[in-house]
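Colleague: predicted structure and sequence below. I'll ask about it afterward.
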Amino acid sequence: MLSSTFLPCQIEYILDDSPLLVCEKGRQQGFTWISAYKIIRRINVHPEPLDHYWISRDEFTAKLFLQDVLQWLRVWDEVANHGLTYKQSIIDWSGVQAMRIKFSNGANLYVLSSSVDAVVGKRGHFYLDEFAIHKDAEALYNIAEPCTTWGFTLTIFSTHRSKQTFFYKLCDRVRKGEIPGAKLMTVNLERVLEEGFIDRINFKKVLAGQEPYANPIDFFNEKRNKSSSDAMFLQEYMCIPADADAVQAITEEDLHRIMRPFSELFTAPRASGRYYAGIDVGRNRDLTVFWVCEDVSTGSQPLLITRHVEVIERKRFSEQEDILVGLLQRWKPRKCLIDGTNTGAGIAERLEERFGYCEKVKITRVTRPLWISNLAAFIRRKHTCLYVPDTNEVWEDFLSVERYINKEGKEDFFIPSHKERGHGDRFMSLVLCLEAFVSQRPLARYTLDSEGIEIKQAPQKKIKRPRRSNIRF
């Protein structure tokens, strides 16, 4: 039955009884489904009634696993043909409800959602599903591992969620042989396709009336092309975690392409100018930065040119507000977004009340990566769409922005804080400036097919640093 039903890697997983089995796997490869079979098989072939504990990341996935168990119980009963009986019941452990299936030989299978307290003091075989995204994976491991002391096993499997997770660290320790008796299995998309996974996919597609894949390569390429990035494809399907070691969100080449001497950019405000502004508010270590761009877009391409950057350092909020009022009255932007997240809330509210074009915004864990990503993508556009002043402060500020993949597997950004250079404040003020522009002139109206207005391009070569302009801002 095994060879006709399961792939070779799945059979290896089913038959493995290592004290600690850690599986790094790709998405949607059937590990929950085969785990249900593995547990039922172990219960029915073992001479002694031993308890098994399945711990899912949440209640929903626990119920999905229970459905797989019930399916395999029906299949096993038909194959064994001996009238297998079992009982279902709901029990309560430390306020956590768990489903218990009691088998005729006295063994129990407990299915519950993630809970550290619920497994304290238990003993038996433990299975931790999608371990990388458990709320407190390390604490769960520290509780579950001692429960296997008396000859039981601990099975952990998951798709990676960056190198920041405890799951990645555990895989690394097992890979290096630092945990005696532990085994690491790696099952990625390439391996399952080599073992016939595409036949299972095509069988389902035919049943659904859909066109089957001509070969495994087509399926592989489809998954790769549909992924948001190569890093996400490698993590979700190839067991290569997205590198938590930060990389620059803005490269030197891209930054050099958009930098111009301030003498070419800075001009006095004009009555006909289409200006947009962003204000990032700071107090002590952080800087308050007022960044103004002029929209000189014509035709099919957007183009924003920095016209003024004002840096305010170590001034009382009342003084900062007076300066910002003067700048807003001078430039009269069509839209200005002000960071009102923490220290800037008071200033942002008062400026919003005073100037109709000002809007207080909160930079949250959702909007922050989205807005930074928007600016990074805007800078990387094929046709140059933005010009910023060529100063060492801007250079260092922009290159300090680091991109990484967070624990949820999503793109995020980190900006280190420097005592003298602030906390990426120039960069964040431009982020807000761009969002102000986008709120009034959606980028969807532009295309990438034809040339837009351009000012003189600088030679494509790296700038030797450090080099400071005469004027610091």
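Modeller: Received the coordinates, thanks.
Colleague: excluding chain neighbours, what is closest to the spatially most central residue of the chain?
Modeller: The chain has residue 410 as the residue nearest its centroid, 1.1 Å off, counting by CA atoms, centre = their mean. Among residues not flanking residue 410 along the chain, residue 369 sits closest, at 7.1 Å (CB to CB, 6 or more residues apart in numbering). For every residue, glycine as well, the C-beta is placed using N, CA and C.
Colleague: identify the residues contacting that neighbour.
Modeller: If a contact means CB atoms under 8 Å, 6 or more residues apart in numbering, then residue 369 has 410, 411, 412, 413 as its contacts.
Colleague: ok, the second one to residue 133 distance?
Modeller: Looking back up the chat, that one is residue 411. Applying CB to CB, to the nearest Å, the value for residue 411 to residue 133 is 16 Å.
Colleague: could you pull out the helices for the stretch 201-350 of the chain?
Modeller: For the stretch 201-350 of the chain, the helices defined by DSSP state H, counting those that start in this stretch occupy 216-226, 230-238, 252-258, 262-265, 317-331, 345-354.
Colleague: quick one, which of these is nearest to residue 434?
Modeller: Nearest of these to residue 434, taken as CB to CB: helix 252-258 at 12.4 Å.
Colleague: so how far is the closest one off the chain centroid?
Modeller: 26 Å (CA atoms, centre = their mean, to the nearest Å).
Colleague: buried stuff in it?
Modeller: Using 16 or more other CB atoms under 10 Å as the test for burial, helix 252-258 gives 254, 255, 256, 257, 258.
Colleague: what's the spacing between the first one and residue 376?
Modeller: Here residue 254 is placed at a distance of 8 Å from residue 376 (CB to CB).
Colleague: burial measure for residue 59, as a count.
Modeller: Residues contacting residue 59 under the criterion other CB atoms under 10 Å number 13.
Colleague: check what pLDDT it gets.
Modeller: Model confidence at residue 59, given as pLDDT, is 74.
Colleague: now it. Nearest residue, chain neighbours left out?
Modeller: Closest to residue 59 by CB to CB, 6+ apart is residue 113, at 4.5 Å.
Colleague: got any ranges where this structure has weak pLDDT?
Modeller: Counting by pLDDT under 70, the chain contains low-confidence ranges at 1-4, 76-98, 114-118, 243-247, 283-286, 405-409, 417-423, 443-473.
Colleague: longest helix in it, by number of residues?
Modeller: Longest among the helix segments of the chain by residue count, using DSSP state H, is helix 59-80.
Colleague: for that one, packing partners?
Modeller: Judged by 3 or more CB pairs under 8 Å, 6 or more residues apart in numbering; DSSP states H and E, helix 59-80 is in contact with helix 31-45, strand 52-56, strand 96-103, strand 108-113.
Colleague: what's the angle between that helix and strand 108-113?
Modeller: 150 degrees (axes from the mean of the first three to the mean of the last three CA atoms, to 10 degrees).
Colleague: turn the helices and strands packed on helix 59-80 into JSON lines, columns for mean neighbour count.
Modeller: Shown next, in JSON lines, are these (neighbours: other CB atoms under 10 Å):
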{"stretch": "helix 31-45", "mean neighbour count": "20"}
{"stretch": "strand 52-56", "mean neighbour count": "24"}
{"stretch": "strand 96-103", "mean neighbour count": "17"}
{"stretch": "strand 108-113", "mean neighbour count": "21"}
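Colleague: turn the ones you listed into JSON lines, including distance to residue 317.
Modeller: Shown next, in JSON lines, are the helices and strands packed on helix 59-80 (distance: least, CB to CB, whole Å):
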{"stretch": "helix 31-45", "distance to residue 317": "54"}
{"stretch": "strand 52-56", "distance to residue 317": "49"}
{"stretch": "strand 96-103", "distance to residue 317": "48"}
{"stretch": "strand 108-113", "distance to residue 317": "47"}
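Colleague: and residue 217, which of those is closest to it?
Modeller: Among those, helix 31-45 comes nearest to residue 217, with 23.5 Å by CB to CB.
Colleague: gap between residue 119 and residue 155?
Modeller: From residue 119 to residue 155 the distance is 14 Å (CB to CB).
Colleague: between those two, which contacts overlap?
Modeller: Listed contacts common to residue 119 and residue 155 are residue 126; contacts here mean CB under 8 Å, 6+ apart.
Colleague: residue 341 against residue 365, yeah?
Modeller: No: checked against CB atoms under 8 Å, the pair residue 341 and residue 365 is beyond contact range at 10.9 Å.
Colleague: more neighbours: those two, which one.
Modeller: residue 341 (17 against 9).
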